[in-house]
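1. Quick one: sequence and predicted model below, then my questions.
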Amino acid sequence: MAKFANWMAVAAVVAGAGLVGCGKKDEAGSAPAPAPAAAPAPAAAPAPAAAPAAKVQAGKWSATTEMSGPMGQQALAGMEQAFKSMTPEQKKAANLENARIEGGKLIQEMCITADMASKTLQALADSQLKNMPGCNAPDIKTSGSKETMSFSCGEGKMSMVLEADYKSPTENVVTTKMDMAGQNMQTTVTSKRIGDC
């Protein structure tokens, strides 16, 4: 689930999605700052989403994540505790130097490279879900400025619906609804480009 949480974080900034393989720094040294998975499952913060036709502009992004429901509150508490116990080196290795819990929200800053911004939601899903055994192929739909993705894992024990609303190439909102064994959590990530990396 930690990989899934990381994947959901970038996908959110890069495709209405957070991300597994995207949490590693690229050769230029820029990378998204995914949230750690500390509690049962939480899909870490989605941030700006990427899709064809430059739906997301490369650069430095700020993402504010709100999590609702008991799972969401447990996830935030777990992340806050993890942040306190991590050394600066551990935070850097996990790309979490610019992540913090503030006012009951997860605040992150991350660099979205041109390569990340060019990824479609389908490409992100294909690259990440293949590493998650027991998950079905995602159903992805596009309508105007919105993209949705839904999938389930473990014979329906975990299901997720993600909606990315690309307000502009420099602003988007990603909402994720997850159900795990009857426990629900909704995550809303509001992301804005704040400058160059």
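-> Perfect, I can see it now. Numbers count the residues shown, from 1 in each chain.
2. Counting neighbours, which bits of whichever strand or helix holds residue 173 end up buried?
-> Using DSSP states H and E, residue 173 sits within strand 171-180. Buried residues in strand 171-180, counted by 16 or more other Cβ atoms under 10 Å: 171, 172, 173, 174, 175, 176, 177, 178, 179, 180. For every residue, glycine as well, the C-beta is placed using N, CA and C.
3. go on, stretch 124-132?
-> Counting neighbours by 16+ other Cβ under 10 Å, stretch 124-132 gives 124, 125, 127, 128, 129, 132 as buried.
4. my guess is the second one is in a helix, correct?
-> I take that to be residue 125. Yes - counting by DSSP: H, G, I helix; E, B strand; the rest coil, residue 125 falls inside a helix.
5. Name the nearest residue to it, sequence neighbours excluded.
-> Using Cβ to Cβ, 6 or more residues apart in numbering and skipping the chain neighbours, the partner closest in space to residue 125 is residue 138 (4.4 Å).
6. Export the strand holding residue 173 to PDB, keeping only CA atoms.
-> The C-alpha trace of strand 171-180 is given here as PDB (Å, rounded to 0.1, in the frame of the first residue of the first chain):
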ATOM      1  CA  GLU A 171      -4.600  24.300 -11.300                       C
ATOM      2  CA  ASN A 172      -6.600  21.200 -10.700                       C
ATOM      3  CA  VAL A 173      -8.700  19.300  -8.100                       C
ATOM      4  CA  VAL A 174      -8.500  15.600  -7.600                       C
ATOM      5  CA  THR A 175     -11.100  13.800  -5.500                       C
ATOM      6  CA  THR A 176     -10.600  10.100  -4.600                       C
ATOM      7  CA  LYS A 177     -13.200   7.900  -2.900                       C
ATOM      8  CA  MET A 178     -11.900   4.700  -1.500                       C
ATOM      9  CA  ASP A 179     -13.700   1.800   0.200                       C
ATOM     10  CA  MET A 180     -11.700  -0.800   2.100                       C
END
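7. With that, I have no additional questions.
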